[in-house]
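Q: Take a look and give me a structure for this.
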Amino acid sequence: MRPPRPRSRLLLALAIVLWAGTIRCAEPAPVERIIRSTLDGAEQRIHLYVPPKAALQAAGPPVPLLVSLHSWTASYDRYDSYEGALQGCIERGWVFVSPDFRGPNVRPEACASDLAVQDVLDAVAYARQQARIDARRMYILGGSGGGHMALVMAHRAPDLWAAVSAWVPVTDLAAWHGFCREQGYVYADRIEKCFGGPPGDAVHDVEYRKRSPLFWLSAAATIPIDIQTGIHDGHDGRAIPIDHSLRAFNVLATANGHEDAVLSPADVAFLTREARVPERLAAAPVDDPGREHPVVFRRQAGPVRLTLFDGGHVIDPPPALEWLAGHAKAAPKFLPRFPAEHAHQAVAVDEAHVYAVDNKAIGKHDKATGALVGRWEDAGGGSIIHLNSGVVVDGRLYCAHSNYPGLPMRSSIEVWDADALEHVDSRPLPTSDGSCTWVDRHHGHWWVCFAHYNGKGGYPDKDNSWTNLAQYDDDWRPLHAWRFPPAVIERFAPHSCSGGSWGPDGRLYCTGHDRAELYALEAPRAGGVLRLVDVVPFDIRGQGIAFDRSNPGVLYGVKRNTSQAVALPAPAMDLGGTR
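A: Purely as a prediction, here's the structure:
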């Protein structure tokens, strides 16, 4: 072979350099998704980044979520803090979602409308469907218009967030309109496009106030909230005077019972007018490593923090994420056991409630007190015969249902709105598979157990060894199926599998009908026979079970002989996981 000519060598070297640069530059990137509003069906574009350890098929503990909000005239894919927030999530291994929430604030549907608020909530719900997210560590971050929306979301959905970081926010829209009109800023016209005109009209004033977080932040009391603003904002062409942040801090300080931390009207006026800290408020320098702009004033009021920094209208994501990372919601309070009239077949559980399930009735109980707060019963002559285990997913309660002990076996998944406990849907299942006893959601799929029995309720030619587990996609199309191993079938006999719930370690935990034990199982990827990992003594004698996914260390079940719902520490697990 002839040696390459000098020009060929040059081209080859250049190709190698470009190839190496491509390899080095290959970094994790978010994907664009289109989701639909659950309020009006409108399409919303979002950016979503899911780190490998948060993938639905990954093992280990769930990871935090950051909701990053765009600024006033920007959109979901291009705003000042986007790159910094995304990079911080990549480095920390967090899930990142950037919703559009009706785009730039130049029309009535945007600017913290009910539609925009629902868009943010829909983006969170979608992210939770696509990744294993820690419900105790969901954060929200925004600057400028995004800071405004972060504070709106704090008071509109206070139970959702572990912490909120709002930088250089607008908090009083009517006041900001007046400032912008006085300064000749184009924002005044854009605000009017959101409300159909300036403030001063009775109809407009209602909406201006409704969408201004300043007047509603008391509903966000107890949430850790970080308000940061550059002390020079509102001066020399910068857009938002700092009294928006100062007044918001005062509201939150009062709501949290720290009136002693409230800044006086004179202090608010001085700081806003002079863009410097008065001598009487001066304090020792704040050591806050990694900041782009040094802190000139900081005040704490319980869970709320105010920071003034030496800068203008900017947001600095690294210290924001560092502060957010230090917060997690407390594990939900729960009673270890409480009377529940309907605790005979199974339980389901969400962040605040326990649902006790009987054949034809469901009781909804407050998790912290055990109080009955809702009830559903099948009307006489209704279609419900034998309800069984359930799971709460995205505000809906899904329960297994069958015609047990009738033959031929018929099964369905029955669905309730968990908030109103209103029956909203019924999905028939194949009659050939068996009698449906439990349903769960795991790794982006539905999992349904079909029981067979020795004797009562069973077919003469099929004993309990025909009990099987089926996997379905989101449209309830069957994907794979598994049989239970003989050692477990023997312990089920003469009954079958009554309950099942996927644990935080990626294993499936099942119960029989009578024994005080759990069966830890693993499922081969493409079907076959489940593998028995362990038999775990457990003080629940069969029936339906449910891991509390808002508090993964707790497993719920029922004691039917005493009509009690019980919450017990989950069995010891290796959260490094196997799946």
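Q: got a list of what Val268 touches?
A: Val268 is in contact with 243, 246-247, 250, counting by Cβ atoms under 8 Å, 6 or more residues apart in numbering. Just so you know, the C-beta spots here come from the backbone N, C-alpha and C atoms, and that holds for glycine as well.
Q: so which helix or strand takes in Ala127?
A: Counting by DSSP states H and E, the element that carries Ala127 is helix 114-130.
Q: ok now that helix, how far from the chain's centre?
A: Relative to its parent chain, helix 114-130 has a centroid offset of 9 Å by Cα atoms, centre = their mean, to the nearest Å.
Q: And stretch 233-247, end to end?
A: 15 Å (Cα to Cα, to the nearest Å).
Q: could you give me the average pLDDT of it?
A: Stretch 233-247 shows a mean pLDDT of 96.
Q: Pull out the buried positions in it.
A: By neighbour count with 16 or more other Cβ atoms under 10 Å, stretch 233-247 contains the buried residues 233-235, 238-247.
Q: ok, of the contacts of Val268, which one's closest to Asp205?
A: Nearest to Asp205, judged by Cβ to Cβ, of the contacts of Val268 is Arg247 at 18.1 Å.
Q: I'd say that closest one and Asp172 touch.
A: Yes: if you go by Cβ atoms under 8 Å, Arg247 and Asp172 touch, sitting 7.1 Å apart.
Q: Across the sheet, point out what pairs with the residue nearest to Ala29 when sequence neighbours are not counted.
A: Using Cβ to Cβ, 6 or more residues apart in numbering and skipping residues adjacent in sequence, the residue nearest Ala29 is Tyr49, 7.2 Å away. According to DSSP bridges, Phe96 are recorded as the beta-bridge partners of Tyr49.
Q: Might you report the residue contacts of Tyr49?
A: Residues near Tyr49 by Cβ under 8 Å, 6+ apart: 28-31, 86, 89-90, 95-97.
Q: ok, back up a step: distance to Ala330 and secondary structure for the contacts of Val268 - can I get that in a markdown table?
A: What follows is the contacts of Val268, written out as a markdown table (distance: Cβ to Cβ, whole Å; DSSP: H, G, I helix; E, B strand; the rest coil):
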| residue | distance to Ala330 | secondary structure |
| --- | --- | --- |
| Asp243 | 33 | helix |
| Leu246 | 29 | helix |
| Arg247 | 29 | helix |
| Asn250 | 26 | helix |
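Q: what helices or strands is whichever strand or helix holds Leu66 leaning on?
A: Using DSSP H and E, Leu66 maps to strand 63-69. Applying 3 or more Cβ pairs under 8 Å, 6 or more residues apart in numbering; DSSP states H and E, one finds that strand 63-69 makes contact with helix 82-92, strand 95-99, helix 114-130, strand 133-143, helix 145-156, helix 317-325.
Q: Among those, which comes closest to Thr369?
A: strand 133-143 (20.6 Å).
Q: Just the angle for that closest one relative to strand 95-99, thanks.
A: If you take axes from the mean of the first three to the mean of the last three Cα atoms, to 10 degrees, strand 133-143 sits at 50 degrees to strand 95-99.
Q: for His204, helix, strand, or coil?
A: Classification of His204 using DSSP: H, G, I helix; E, B strand; the rest coil returns helix.
Q: In contact with it, which residues?
A: 195-198.
Q: can you state the direction angle for the strand holding Leu66 and strand 133-143?
A: Going by the same axes, to 10 degrees, strand 63-69 makes 30 degrees with strand 133-143.
Q: average pLDDT for strand 63-69?
A: On average, strand 63-69 scores 97.
Q: and if you look at stretch 346-353?
A: Mean pLDDT, computed over stretch 346-353, is 94.
Q: CA atoms of it as CSV?
A: Presented in CSV, the C-alpha positions along stretch 346-353 are these (Å, rounded to 0.1, in the frame of the first residue of the first chain):
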residue,chain,number,x,y,z
ALA,A,346,-57.1,-5.2,50.8
VAL,A,347,-55.7,-1.7,51.2
ALA,A,348,-54.3,1.0,48.8
VAL,A,349,-52.4,4.0,50.0
ASP,A,350,-51.3,7.5,48.7
GLU,A,351,-49.4,10.3,50.4
ALA,A,352,-52.3,11.3,52.7
HIS,A,353,-54.8,8.5,52.7
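Q: Can you point out the buried residues in it?
A: Quick answer for stretch 346-353 (16+ other Cβ under 10 Å): 346-353.
Q: Identify all contacting residues around that stretch.
A: 135, 159, 332, 354-357, 364-368, 373, 387-392, 397, 399, 418, 438, 498-499, 543-550, 556-558, 565.
Q: Just the ones of those in strands?
A: Those of the contacts of stretch 346-353 mapping onto strands are 135, 354-357, 364-366, 373, 387-392, 397, 399, 438, 499, 546-547, 556-558, 565, per DSSP state E.
Q: Just the buried subset of the residues you listed, please.
A: Neighbour counting by 16+ other Cβ under 10 Å classes 135, 354-357, 364-366, 387-392, 397, 399, 438, 499, 546-547, 556-558, 565 among these as buried.
Q: related to what we said a few turns ago, return the member of the buried residues of stretch 346-353 nearest to Pro62.
A: Distance to Pro62, by Cβ to Cβ, is smallest for Glu351 among the buried residues of stretch 346-353, at 13.7 Å.
Q: what about that closest one, which helix or strand?
A: Judged by DSSP H and E, Glu351 forms part of no helix or strand.
Q: From Val97, how far out is it?
A: Glu351 sits 19 Å away from Val97, taking Cβ to Cβ, to the nearest Å as the criterion.
Q: ok, now Ala112?
A: 18 Å.
Q: ditto for Val558
A: Computed as Cβ to Cβ, the Val558 to Val97 distance reads 37 Å.
Q: from what I can see Arg549 touches Arg136, true?
A: No: Arg549 is not in contact with Arg136 according to Cβ under 8 Å; the separation is 10.5 Å.
Q: Give me the contacts around the helix holding Ala127.
A: For helix 114-130, the external contacting residues (Cβ under 8 Å, 6+ apart) are 33, 35-40, 42, 44, 46, 48, 50, 56, 65, 67, 69, 95, 97, 99-102, 109-110, 133, 135, 138, 149, 152-153, 156-157, 160, 394, 444.
Q: Okay, angle between that helix and strand 386-393 too, please.
A: In terms of direction (the same axes, to 10 degrees), helix 114-130 departs from strand 386-393 by 110 degrees.
Q: And helix 114-130, what's buried?
A: So, applying 16+ other Cβ under 10 Å, buried residues of helix 114-130: 115-124, 126-128, 130.
Q: Which neighbours do Arg247 and Asp172 have in common?
A: Leu214.
Q: Tell me how the protein divides into domains.
A: By the assignment in automatic domain parsing, the chain contains the domains 27-172+212-325, 337-569.
Q: what would those domains look like in TSV with distance to Tyr187?
A: Shown next, in TSV, are the domains of the chain (distance: least, Cβ to Cβ, whole Å):
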stretch	distance to Tyr187
domain 27-172+212-325	7
domain 337-569	37
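Q: Out of those, which is closest to Arg190?
A: Nearest to Arg190 among the domains of the chain is domain 27-172+212-325; the distance by Cβ to Cβ comes to 5.1 Å.
Q: quick one: that closest one to chain centroid distance?
A: Distance, centroid of domain 27-172+212-325 to centroid of chain: 16 Å (Cα atoms, centre = their mean).
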